[in-house]
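Okay, predicted coordinates and the sequence, questions at the end:
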Amino acid sequence: AAALNCTRCVTYILPSTDNPSARFMAQAIYRLRVCAEILDAYGLRFGLEFVGAHHARTSRKNPFIWTVEETLDMAAAIGLPNVGLLVDSYHCHTTGFKPSQLEQLKAEQIVHVHINDAKDLPVEELRDNDRLYTGEGVIDLKGFLTALKKTGYDGSVAQEVLTPELPAGDPEELLKRTKAGFDHIFPD
């Protein structure tokens, strides 16, 4: 990755566990710290993605980490400066994390960004693997991007659309669909 000038690596954190939460936290911090140390040796930043979908955070016995604040606490416990957040518009939406809160983050806390959209359903009914293309749903993506810009973040913003089935259409159609959504939501 370093030879290809890739400077960032990310992973997600499951929001609930059947294991005792404290033990699971200790194991996760230890394992993620080892990963972060290896990545840091090669100059790579390490982004932790919180998963906010209600069904994912309630599917197991014990809640774990599913908010920005908890993920920042975990990054601090890992204790290396290359560890930060992967901020996903869908997970912000499903946890109630508002653009006004996003703009309070510092650029160095954000490693990577995913953008996508959500159906007009109660949060409890939204599924992590049933997202919409950017600009086709109810998330305030203009507000999300405006807030992100205010943080000073200058990294990638990648569309991540998870769906139960493969997207229908040829690659050209899907690119046009993506472009139309991006043209609609990216601030001038």
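Great, that's in hand.

Residues touching the strand or helix carrying T178, excluding its own?
In the assignment (DSSP states H and E), T178 maps to helix 171-185. Helix 171-185 is contacted by residues D117, Y133, T134, G135, E136, L141, K142, L145, Q159, P167, G169 when judged by C-beta atoms under 8 Å, 6 or more residues apart in numbering. The C-beta positions use only the backbone N, C-alpha and C, and glycine is treated the same way.

Tell me if the last one really is in a helix.
Meaning G169. No - counting by DSSP: H, G, I helix; E, B strand; the rest coil, G169 is not part of a helix but coil.

Tell me how many other residues surround it.
Look at G169: counted by other C-beta atoms under 10 Å, it has 11 neighbours.

Pull out the buried positions in the top helix by length along the chain.
Counting by DSSP state H, the longest helix found in the chain is helix 21-41. For helix 21-41, burial by neighbour count (16 or more other C-beta atoms under 10 Å) applies to F24, M25, A28, L32, R33, C35, A36, L39.

And that helix, how far out from the chain middle?
18 Å (C-alpha atoms, centre = their mean, to the nearest Å).

helices and strands around it, which ones?
Counting contacts by 3 or more C-beta pairs under 8 Å, 6 or more residues apart in numbering; DSSP states H and E, helix 21-41 packs against strand 8-13, strand 45-50, strand 62-63, helix 68-78.

With just CA atoms, put it into CSV.
Written as CSV, here are the backbone C-alpha positions of helix 21-41 (Å, rounded to 0.1, in the frame of the first residue of the first chain):
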residue,chain,number,x,y,z
SER,A,21,-18.5,-6.2,26.5
ALA,A,22,-15.5,-5.4,28.7
ARG,A,23,-13.5,-8.4,27.6
PHE,A,24,-14.5,-7.8,24.0
MET,A,25,-13.4,-4.2,24.3
ALA,A,26,-10.0,-5.2,25.7
GLN,A,27,-9.4,-7.8,23.0
ALA,A,28,-10.5,-5.3,20.2
ILE,A,29,-8.2,-2.5,21.5
TYR,A,30,-5.3,-4.9,21.7
ARG,A,31,-5.9,-6.3,18.2
LEU,A,32,-6.6,-2.9,16.6
ARG,A,33,-3.5,-1.4,18.3
VAL,A,34,-1.3,-4.1,16.7
CYS,A,35,-2.9,-3.3,13.3
ALA,A,36,-2.4,0.4,13.8
GLU,A,37,1.3,0.0,14.8
ILE,A,38,2.0,-2.0,11.6
LEU,A,39,0.2,0.6,9.5
ASP,A,40,1.9,3.5,11.2
ALA,A,41,5.3,1.9,10.5
